[in-house]
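Q: Okay, predicted coordinates and the sequence, questions at the end:
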Amino acid sequence: MKVEGTYTFPAPRERIWALLNDPAVLARATPGVKTLTPQGPDHYAARIELAVGPVRGVYDGTVSITEKAPPERMTLRVEGGGRPGTIRATGELRLVEQDGRTVVHYTGEAQITGLIASVGHRLIGGVARQIAGEFFKAVERELPR
């Protein structure tokens with residue numbers, strides 16, 4: 001499954017880069033995150049509650065930020081599992097400054113297994129786009145802080 005899109009922030013690229021690299025912001029902004037615990041530089045243990053259609057579950061896993069090129073791009077790797085199945089995903093964020101605003105171009109691919117794949121496979125693309133939109137709106141709400 002592949003997901004891609006853009007989101008425009010009304011702020012300079014350096015400010016958005018700082019927010020996207022702040023673990024407290026990531027924990028507050030990422031839908032379903034129950035805990036996000038630093039395990040080392042750019043590496044976190046995470047517990048996320050997620051629902052895809054009728055399949056709901058809690059996933060434990062890791063989130064790593066790799067291939068950073070501040071303030072232009074970063075790659076995120078997410079791996080986790082729970083009762084409904086496993087998720088392994090990679091996503092790239094590219095930040096482009098335009099007239100004092102920042103356009104974030106995101107692309108991601110995920111491999112899912114288990115009940116979530118068999119029941120929620122038709123829905124997962126829409127859910128992923130919805131989660132991405134909720135995440136970026138939540139990051140935007142962090143701008144005045």
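A: Sure thing, it's come through. Bear in mind that the values here come from a model prediction, so they are computed numbers and not experimental data.
Q: which helix of the protein spans the most residues?
A: helix 115-141 (DSSP state H).
Q: who's in contact with the nearest residue in space to V3 that is not next to it in sequence?
A: Once flanking residues are discounted, V3 sits nearest to A128: 4.5 Å by CB to CB, 6 or more residues apart in numbering. Any C-beta I mention is one placed from the backbone N, CA and C, and that applies to glycine too. Taking CB atoms under 8 Å, 6 or more residues apart in numbering as the criterion, A128 is in contact with M1, V3, G108, A110.
Q: For ChimeraX, what selects the buried ones among those?
A: Remark: buried members of the contacts of A128, expressed as a ChimeraX selection using 16 or more other CB atoms under 10 Å:
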select :3,108,110
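Q: So which of the contacts of A128 is the closest to A45?
A: Closest approach between these and A45, by CB to CB: A110, at 19.2 Å.
Q: which residue ranges form the helices in the protein?
A: In the chain, helices defined by DSSP H lie at 13-20, 23-29, 115-141, listed in chain order.
Q: which one of these lies closest to M74?
A: Of the helices of the chain, nearest to M74 by CB to CB is helix 13-20, at 7.2 Å.
Q: now that closest one, how far from the chain's geometric center?
A: Between the centre of helix 13-20 and the centre of its chain there are 15 Å (CA atoms, centre = their mean, to the nearest Å).
Q: So for it, what gets flagged as buried?
A: Buried-residue list, helix 13-20, by 16+ other CB under 10 Å: R13, I16, W17, L19, L20.
Q: ok, and what's touching that helix?
A: So helix 13-20 is contacted by 9, 25-26, 70-72, 74, 93, 95-97, 102, 104, 139, 142-143 (CB under 8 Å, 6+ apart).
Q: Give me the average confidence score over it.
A: Averaged over helix 13-20, pLDDT sits at 96.
Q: hey, what's D60 bridged with?
A: For D60, the beta-bridge partners under DSSP bridges are R47, G81.
Q: That should have said V96, apologies.
A: V103.
Q: I'd like the distance between it and G126.
A: Separation of V96 from G126 (CB to CB, to the nearest Å): 26 Å.
Q: again, but for P54
A: For P54, the distance to G126 equals 14 Å [CB to CB].
Q: Who has more neighbours out of these two?
A: Set P54 next to G126 and count neighbours by other CB atoms under 10 Å: G126 wins out with 12 against 9.
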